[in-house]
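>>> the sequence and its predicted three-dimensional model are supplied below.
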Amino acid sequence: MFGCSKRYLRTPIAPWTAGTVVGARSLRAFVADTSVPAYSTDSASGIELERASGLDEQGAIEKTNSAIILDSAQRIQLLCRQLRKDEAVHLTHSTISDHALDELRMRIGREFQGPDPWLTEVTRDAIRHFAWGVGDRNPLWLDPAYASASRFGTLIAPPSILYAFDRVVSGYVGGLPGVHAMFAGSKFQWFRELRLGDRLVARSKLKDLVEHKSTFSGRAIQQIYEVNFLDERGDRVATVDSWCFRTQRTEARVRGKYQYMEPQSYTEDELSRIAEMYAREEIRGSTPRFWQDAESGDSIGPIVKGPLTTTSVVAFDQGWGGLYIRAHAYAFDLYRRHPALALANAAGIPEPPERVHWDSDLAREVGVPAAYDYGPERVSWLINLLTNWMGDDGSLLSLDAQVRRFNLLGDTTYIHGRVTRKWIEGDGDRSHRVECSLWAEDQRGEVTAKATGVVALPSR
């Protein structure tokens with residue numbers, strides 16, 4: 001049974017819940033302290049409680065067959081009484097409105113300062129933790145003695161570590177409160193490698209909003225950001241366009257596009273075959289791969305990642321940092337600033353929507369049959385295959401990656417590649433170029449991500 005403390009009985013609904021549609025348990029977690037004023041007559045529309053029978057009427061609460069509508073012009077107090085723990089009180093989610101979309105469009109082209117990044121400097125620990133998180137065993141990132149003998153003379157970082165240097169490039173979005181965001185891809189251009197000791201800052205701006213008709217969630221908005229990474233001298237190290245799709249959670253849940261996907265289980269033999277693939281993974285390393293030896297149609301890989309577990313999700317978060325992962329006072333500060341992030345768990349405690357990556361119940365609420373991986377992690381796996389193949393003397397110049405389907409807990413991902421063309425462009429050590437097609441395929445045989453990458457290889 002659930003009950004309300006005396007604190008909740010005397011606490012008004014805070015204005016930062018205006019326009020938010022929440023379930024009954026969520027509401028209890030969202031209530032602010034008594035220093036926050038109640039709704040005024042200028043506040044936005046009220047809050048709909050789905051199937052919240054058992055709440056007493058107070059002030060201008062009107063009961064209907066399907067909901068209780070709270071009049072935002074009143075100072076409303078809530079009395080929660082004996083909500084059964086097993087009652088299905090669903091979180092009702094905001095839809096994409098033209099008004100909110102027009103407000104967001106006004107931000108296009110404006111540079112802004114994003115939230116504090118997980119990393120600001122390429123340290124040995126930062127490199128190691130990120131490489132561990134994505135399962136990248138290249139000694140160029142991990143072994144100082146090995147790296148000192150390379151052309152760089154020091155450790156360098158996996159190219160995708162940029163995700164840890166900015167949250168916007170990783171899927172942090174603004175606007176459209178209450179509308180879910182799903183990371184869907186990045187387009188990278190690197191101007192040099194990231195070396196031990198580099199200090200980076202990111203400059204971000206909203207680049208475009210593109211509306212799509214989605215079979216997953218009905219209306220969907222592709223929200224594209226441009227992020228430039230600068231070193232301590234102000235020189236540009238990389239430019240990345242990164243995007244999420246803003247999706248309507250309730251619509252996605254009702255449509256159930258991916259409900260056919262069943263959690264995967266494994267036999268000992270299947271796990272042994274995965275372990276053998278890990279043992280056979282080829283890292284080109286210090287043996288040069290020359291441009292003259294790469295031919296269109298050459299296969300690259302495959303390598304394996306997974307099976308995906310909650311533990312591996314945590315490992316990635318340790319290296320990458322997450323988007324909204326906060327604890328204690330930092331978490332409550334975050335929810336006060338951004339109330340739409342505060343989604344109550346089964347105990348009524350607010351947690352961020354990011355928990356879809358380890359909480360299958362919440363994942364189902366947004367239309368996915370189980371918890372699923374982070375998109376930036378899968379892009380990092382595609383890059384992992386390409387840097388394995390090109391060797392220490394190759395340089396990754398660009399990558400255009402799309403995350404296409406969900407990678408659920410239990411899924412195993414096989415990363416494949418193929419050389420598609422090669423050419424010479426300009427002079428210098430980046431002139432001999434090779435284009436490669438990459439794709440991620442799960443154990444069902446479905447392609448879950450794909451990319452086109454360009455590398456520069458040494459020439460004889």
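Cool, got the structure.

>>> what about the residue nearest to Thr448 when sequence neighbours are not counted, distance to Leu176?
Distance criterion C-beta to C-beta, 6 or more residues apart in numbering; nearest residue to Thr448, sequence neighbours excluded, is Arg405 at 4.3 Å. All C-beta atoms are positioned from the backbone trio N, CA, C, and that covers glycine. Using C-beta to C-beta, to the nearest Å, Arg405 is found at 23 Å from Leu176.

>>> returning to what we had before: make sure the residue nearest to Thr448 is actually in contact with Glu446.
Yes. Between Arg405 and Glu446 a contact is recorded at 5.9 Å, counting by C-beta atoms under 8 Å.

>>> from Ala202, how far off is the residue nearest to Thr448?
For Arg405, the distance to Ala202 equals 28 Å [C-beta to C-beta].

>>> same check on Ile383?
To Ala202, Ile383 is 18 Å away according to C-beta to C-beta.

>>> so for the two, which residue has more residues nearby?
Ile383 (24 against 20; other C-beta atoms under 10 Å).

>>> shouldn't the more buried one be within a strand?
No. Assigned with DSSP: H, G, I helix; E, B strand; the rest coil, Ile383 falls outside any strand and is helix.

>>> could you find the closest non-adjacent residue to it?
Among residues not flanking Ile383 along the chain, Ser160 sits closest, at 4.8 Å (C-beta to C-beta, 6+ apart).

>>> was I right about the one you found contacting Gly133?
No. Between Ser160 and Gly133 there is no contact under C-beta under 8 Å: 10.3 Å.

>>> per-residue pLDDT of the spatially closest residue to Leu385 that is not a sequence neighbour, please?
Once flanking residues are discounted, Leu385 sits nearest to Ile415: 4.5 Å by C-beta to C-beta, 6+ apart. Looking at Ile415, its pLDDT stands at 98.

>>> got a list of what the closest residue to Ser214 other than its chain neighbours touches?
Distances taken as C-beta to C-beta, 6+ apart put Ala220 closest to Ser214, at 3.9 Å, once the chain neighbours are dropped. Taking C-beta atoms under 8 Å, 6 or more residues apart in numbering as the contact definition, Ala220 lies against 96, 211-214, 245-248.

>>> make it 7 Å
Neighbouring residues of Ala220 by C-beta atoms under 7 Å, 6 or more residues apart in numbering: 212, 214, 245-247.

>>> and for Phe130?
When contacts are counted by C-beta under 7 Å, 6+ apart, Phe130 touches 158, 161, 164, 319-320.

>>> how far away is the residue nearest to it when sequence neighbours are not counted from Gly133?
Nearest residue to Phe130, sequence neighbours excluded (C-beta to C-beta, 6+ apart): Gly319, at 3.8 Å. Gly319 sits 3 Å away from Gly133, going by C-beta to C-beta.

>>> please apply the same query to Phe112.
When distance is defined by C-beta to C-beta, Phe112 is 27 Å away from Gly133.

>>> who has more neighbours out of these two?
Comparing Phe112 with Gly133 by other C-beta under 10 Å, the one with more neighbours is Gly133, at 24 against 12.

>>> and Asn388, what does it touch?
Shown in contact with Asn388 (C-beta under 7 Å, 6+ apart): 138, 282-284, 303.

>>> okay, and it sits in which element?
Assigned by DSSP states H and E, Asn388 belongs to helix 375-390.

>>> and Ala184, by the same measure?
When elements are defined using DSSP H and E, Ala184 is found to belong to strand 180-190.

>>> that strand pairs with which strands?
With DSSP bridges as the test, strand 180-190 is paired with strand 236-247 (antiparallel), strand 395-403 (antiparallel).

>>> now the element after it, going C-ward?
Immediately after strand 180-190, counting by DSSP H and E, sits strand 201-214.

>>> okay, buried residues for that next one please.
Applying a neighbour-count criterion of 16 or more other C-beta atoms under 10 Å, one finds 201-204, 206-207, 209, 214 buried in strand 201-214.

>>> turn those into TSV, including distance to Leu119.
As requested, the buried residues of strand 201-214 are exported to TSV (distance: C-beta to C-beta, whole Å):
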residue	distance to Leu119
Val201	11
Ala202	11
Arg203	16
Ser204	16
Leu206	23
Lys207	23
Leu209	28
Ser214	33
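
>>> quick check: the farthest pair among the residues you listed?
Val201 and Ser214 (34.6 Å; C-beta to C-beta).

>>> thinking again about what came up before, which one's more surrounded, Arg405 and Leu176?
The residue with more neighbours, out of Arg405 and Leu176, is Leu176; 21 against 18, by other C-beta under 10 Å.

>>> avg pLDDT for the strand holding Ala184?
Rounded mean pLDDT across strand 180-190 is 94.

>>> and stretch 383-390, by the same measure?
For stretch 383-390, the mean per-residue pLDDT is 98.

>>> then that stretch to PDB, C-alphas only?
Extracted as PDB, the C-alpha positions of stretch 383-390 are listed here (Å, rounded to 0.1, in the frame of the first residue of the first chain):
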ATOM      1  CA  ILE A 383      34.500   2.800 -34.900                       C
ATOM      2  CA  ASN A 384      36.200   0.000 -32.900                       C
ATOM      3  CA  LEU A 385      36.100  -2.300 -35.900                       C
ATOM      4  CA  LEU A 386      37.500   0.400 -38.200                       C
ATOM      5  CA  THR A 387      40.400   1.400 -36.000                       C
ATOM      6  CA  ASN A 388      41.200  -2.300 -35.500                       C
ATOM      7  CA  TRP A 389      41.400  -2.700 -39.300                       C
ATOM      8  CA  MET A 390      43.300   0.400 -40.300                       C
END
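
>>> list the buried residues of that stretch.
Within stretch 383-390, the residues scored as buried using 16+ other C-beta under 10 Å are 383-390.

>>> quick one: pLDDT of Leu341?
pLDDT at Leu341 comes out at 88.

>>> if you could redo that for Arg195, that was the one I meant.
At Arg195, the pLDDT value in this model is 98.

>>> what's the neighbour count on the closest residue to it other than its chain neighbours?
Leaving aside its sequence neighbours, Arg195 sits nearest to Ile156 (C-beta to C-beta, 6+ apart; 5.4 Å). By other C-beta under 10 Å, 23 other residues sit near Ile156.

>>> I appreciate the help and will end here.
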